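In: Model the following, please.
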Amino acid sequence: LLQILLRRMESNKPELINPEYVLGLTGPAKEFLCPPDANHFGIRFGRFKIRDYDTNTTLFEIEPQEGEDLFDYEYDNDEARLISYELPSDFLRLKAVGTTVEFKVGAKPVKNFRMIERHYFRDKLLKSYDFNFGFCIPNTVNSWESIYSVPTLSEEEITEMVNAPYETKSDSYYFVEDKLIMHHKADYAWLAEQIAQREVLSN
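Out: Residues are numbered from 1 along each chain as shown. Prediction:
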């Protein structure tokens, strides 16, 4: 029933997607809700890090290799706008995580830059986040830190999510003055290992 309702909502989606529309979706979007060229502001992403907010342990990090400029990465097709994560299942037991993303703005000023991120397991909404960066000066590199409270899950729910890799999904919607300019998707596989073990292996 939820899938039928979602399909009906998306089939009747307005020409210009606004925050109220995505906040009303009852499951992960079945398609990208704007084309790559909707980003008229030349916003590009660089370094990205996810950390345990309480211990400051790094859980996931994207850094440039030698001679690489992450700002050159093109999000010009659907494949480029989808990222798949493999994270330790202990992540689901954390109280909060922090993310830091570096982004570059083009020649136009960016007013009321807002991100809405919605996380689902199958068609159940786990958590919805709403962050507002505000105003961005043209031709600048900025850093955006967000703190996410992790939804409280039972051990039974965590086991179910571990046993269903990539059925945990998220949609990240980026708005400028309440108009959707970027839509990125992610899916997640939860590995049956502890965060501490992964830190040892990565070192």
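In: Give the bridge partners for the residue positioned nearest the centre of the chain, please.
Out: For the chain, the residue nearest the mean C-alpha position is Ser172 (4.4 Å; C-alpha atoms, centre = their mean). Following DSSP bridges, Ser172 is listed with bridge partners Glu117, His184.
In: That one touches Ala186, doesn't it?
Out: Yes - the criterion here is C-beta atoms under 8 Å, and Ser172 meets it with Ala186 at 7.3 Å. (C-beta placed from N, C-alpha, C; glycine too.)
In: Now do the helix or strand harbouring Lys127: which elements does it pack against?
Out: Using DSSP states H and E, Lys127 maps to strand 124-136. Judged by 3 or more C-beta pairs under 8 Å, 6 or more residues apart in numbering; DSSP states H and E, the packing partners of strand 124-136 are strand 110-121, strand 141-149.
In: among those, which is nearest Gly46?
Out: strand 141-149 (7.4 Å; C-beta to C-beta).
In: what lines up beside that closest one in the sheet?
Out: By DSSP bridges, strand 141-149 pairs with strand 96-104 (antiparallel).
In: for Arg81, what are its contacts?
Out: Phe32, Pro36, Tyr75, His183, His184, Lys185 (C-beta atoms under 8 Å, 6 or more residues apart in numbering).
In: Same check on Gly42?
Out: Counting by C-beta under 8 Å, 6+ apart, Gly42 makes contact with Lys104, Val105, Gly106, Ala107, Lys108.
In: can you check Val97 too?
Out: Ile50, Arg51, Asp52, Tyr53, Leu59, Phe91, Ile147, Tyr148, Val150.
In: Tyr53 against Gly98, yeah?
Out: Yes - between Tyr53 and Gly98 there is a contact at 4.6 Å, judged by C-beta under 8 Å.
In: okay, and the common contacts of these two?
Out: Ile147.
In: Turn the contacts of Val97 into CSV, including distance to Ala164.
Out: CSV is the format used below for these (distance: C-beta to C-beta, whole Å):
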residue, distance to Ala164
Ile50, 21
Arg51, 25
Asp52, 23
Tyr53, 26
Leu59, 20
Phe91, 15
Ile147, 27
Tyr148, 21
Val150, 18
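In: what's the farthest-apart pair in those?
Out: Farthest pair in the contacts of Val97, by C-beta to C-beta: Phe91 and Ile147, 14.9 Å.
In: so where do the strands sit in the protein?
Out: Taking DSSP state E, the strands of the chain run over residues 44-52, 58-62, 82-88, 96-104, 110-121, 124-136, 141-149, 168-176, 179-191.
In: Now do the same contact list for the residue nearest to the centre of the chain.
Out: Met115, Ile116, Glu117, Met182, His183, His184, Lys185, Ala186.
In: So which of these is surrounded by the most neighbours?
Out: Counting neighbours by other C-beta atoms under 10 Å, His183 leads the contacts of Ser172 with 23 neighbours.
In: was I right about that one contacting Glu31?
Out: No - contact criterion C-beta under 8 Å: His183 and Glu31 do not qualify, at 9.2 Å.
In: burial count for Asp171?
Out: For Asp171, using other C-beta under 10 Å, the count is 21.
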